[in-house]
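Peer 1: Need a 3D model of the sequence below.
(one chain, ligands or ions: 2)
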Amino acid sequence: MGIYFFKKIQKGAHVPHMKNTEDMSFVRLDKFSEIKIPMRQHMGSVCKPLVKIGDYVKLGQKIGDSESNFSAPIHASCSGTVKKIDNIKTVSGEMIQTVIIENDEKYEISEEVKIPQINNKEDFIKAIRESGIVGLGGAGFPTHVKLDYKGNSKIEKLVVNCAECEPYITSDYRECIEDTDNILYGIECVKKYLGISKVYFGIESNKPKAIKLLKTLTKDDDNFNVITLKSLYPQGAEKTIIYATTGIVVESGKLPADCGVLVMNVSTLGFIGNYIKTGMPLVERKITVDGDAINKPNNLIVPIGAPINEILDYCECKNDLVKKVLMGGPMMGISVADITTPVIKNNNAILAFTEKMCKKEEVSSCIKCGKCISVCPMNLMPAGLEKAYDKKDFEKLNDLAINLCINCGCCSYICPANRPLAQKNQLAKTLLRNKNK
Ligand code: SF4
Ligand code: SF4
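Peer 2: Ligands and ions are numbered 1, 2, ... in the order given. Prediction:
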């Protein structure tokens, strides 16, 4: 069954928006004495450091790379001296080799930063890999791998993901408002080198200013469509936004590209536009900082590798009251165990919450209300999956298509019995992965 019902109804949860920072322009923050750059910040192979202790590095210099294509190089996000190369625990909980730079705060640009020479698709893909870009909206999938689809279908449609359906986060929204030229140029490059004709912006109805701006700027080109989406979490999930913008159903087991569609996050496209014009690789992140423990919510531009605790201090975090810090949104974000952890490439928000917002309601027995099924965007049966996980019934987990779960958290959010459904799904997937190793 899988996503069959996409054709009839889109499902999800009505979550509070809390977009407190939507009118706040980006502010650049670069006063960090030490920058920690982990050698893996993406899906795929870990990079090896290309520098050693004592080296002087400059902004944009490549300091890590891998021989594997399924990886993305890593660049210095400041100028300064390499102080240490050490294993540190990143937000994913893994120990990753990390280049620690004593920042001289001059941000002197490396001679390696040059406008890429691009004449064809091959050059484009190569340049995109060199830029270090990974999907900025989600799991950090290397962008050059996504663009270099080698299947049988021809990609004809580009869906620009501007949904930003998680509460609090407004960094993609601000990108739409403040960086429109680069976004449109990035789209032009992707269209040109991949031979794509149609472009669909998918943007939730709660962002009227961005919808108006994108419609105005693209009104003279019939190949551009700005689609207003219902404000329903998770509209930004890949298969959901493809259906909502193009009407195409990507059946389970298929990739969007198999159906002729490429989905790209709007900030990724903004980065590509700027990179093709300037040659500056991915060295900084635009992030939203918010939550009830933050006195001064903000949209910031920070160097990759900046320590989270210093960003929280800048935003006047109530340190004595903080109960939880998240990297990402409240629905899918990762809890940060150590706040000296650095910002990484796919980090779009830092949220800090007090006890009041983290209170755990008591878990009670399932009352078979069916609400979890009614909100699951993938048409799964979360209560059944939980039961199968508790019994370690691998066959049942596979029958109920656990692999389709996108960990959106809608089921846990809606459950009146407060059952940790999404969390159990995550554990079930890990269990199956380990069993199949
Ligand atoms: S929403 Fe909760 S209580 Fe209702 S069926 Fe699902 S697991 Fe049971
Ligand atoms: S976390 Fe998984 S099971 Fe729960 S609603 Fe989302 S996709 Fe469905």
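
Peer 1: Going by C-alpha atoms from here, please, whenever you check contacts or count neighbours.
Peer 2: Will do.

Peer 1: what's the closest non-adjacent residue to Lys396?
Peer 2: Among residues not flanking Lys396 along the chain, Ala388 sits closest, at 6.0 Å (C-alpha to C-alpha, 6 or more residues apart in numbering).

Peer 1: Tell me the helix or strand right after the strand or helix carrying that neighbour.
Peer 2: For Ala388, the host element (DSSP states H and E) is helix 382-390. Next helix or strand after helix 382-390 toward the C-terminus (DSSP H and E): helix 394-399.

Peer 1: for the next helix or strand along the chain from that next one, packing partners?
Peer 2: Once helix 394-399 ends, the next helix or strand along the chain (criterion: DSSP H and E) is helix 410-414. The contact analysis (3 or more C-alpha pairs under 8 Å, 6 or more residues apart in numbering; DSSP states H and E) places helix 410-414 against helix 371-375, helix 421-435.

Peer 1: These: which one's closest to Lys89?
Peer 2: Closest to Lys89 of the helices and strands packed on helix 410-414, according to C-alpha to C-alpha: helix 421-435, at 19.7 Å.

Peer 1: Can you check what angle separates that closest one from helix 382-390?
Peer 2: If you take axes from the mean of the first three to the mean of the last three C-alpha atoms, to 10 degrees, helix 421-435 sits at 40 degrees to helix 382-390.

Peer 1: List the buried residues of helix 421-435.
Peer 2: Residues of helix 421-435 classed as buried by neighbour count (16 or more other C-alpha atoms under 10 Å): Leu421, Ala422, Lys424, Asn425, Ala428, Lys429, Leu432.

Peer 1: Farthest-apart pair in those residues, please.
Peer 2: Pairwise distances across the buried residues of helix 421-435 peak at 16.4 Å for Leu421 and Leu432 (criterion: C-alpha to C-alpha).

Peer 1: Name the residues of the stretch 301-437 of the chain found near ligand 1, please.
Peer 2: Proximity of the stretch 301-437 of the chain to ligand 1, by C-alpha under 6 Å from any ligand atom, involves residues Cys366, Ile367, Lys368, Cys369, Gly370, Lys371, Cys372, Ala383, Cys415, Pro416, Ala417, Arg419.

Peer 1: Now do the helices in the stretch 151-300 of the chain.
Peer 2: Using DSSP state H, counting those that start in this stretch, the helices found in the stretch 151-300 of the chain span residues 171-178, 180-194, 208-218, 238-246, 266-278.

Peer 1: just so I know, which of those helices lies nearest Val46?
Peer 2: Checking the helices of the stretch 151-300 of the chain against Val46 by C-alpha to C-alpha gives helix 266-278 as the closest, at 21.0 Å.

Peer 1: Give me the contacts around the closest one.
Peer 2: Around helix 266-278, the neighbours that count as contacts under C-alpha atoms under 8 Å, 6 or more residues apart in numbering are 113-116, 128, 131, 133-137, 160-162, 172, 175-176, 179-187, 189, 280-282.

Peer 1: Check which helices and strands the helix holding Ala388 sits against.
Peer 2: helix 371-375, helix 394-399, helix 421-435.

Peer 1: Next one: that helix, is it in contact with ligand 2?
Peer 2: Yes. Using C-alpha under 6 Å from any ligand atom, helix 382-390 reaches ligand 2 at Pro382.

Peer 1: CA atoms of that helix as CSV?
Peer 2: The C-alpha coordinates for helix 382-390 follow below in CSV (Å, rounded to 0.1, in the frame of the first residue of the first chain):
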residue,chain,number,x,y,z
PRO,A,382,2.4,3.5,13.7
ALA,A,383,0.6,1.7,16.5
GLY,A,384,1.1,-1.6,14.7
LEU,A,385,4.8,-0.8,14.1
GLU,A,386,5.2,0.0,17.8
LYS,A,387,3.7,-3.4,18.7
ALA,A,388,6.0,-5.2,16.2
TYR,A,389,9.0,-3.4,17.5
ASP,A,390,8.2,-4.3,21.1
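
Peer 1: Now do the buried residues in it.
Peer 2: Those would be Pro382, Ala383, Leu385, Glu386, Ala388, Tyr389, for helix 382-390 by 16+ other C-alpha under 10 Å.

Peer 1: Contact partners for the last one?
Peer 2: The contact partners of Tyr389, taken as C-alpha under 8 Å, 6+ apart, are Leu397, Lys424, Asn425, Ala428.

Peer 1: if we go to 10 Å?
Peer 2: By C-alpha atoms under 10 Å, 6 or more residues apart in numbering, the contact set of Tyr389 is Ala383, Lys396, Leu397, Ile402, Leu421, Lys424, Asn425, Leu427, Ala428, Lys429, Leu431, Leu432.
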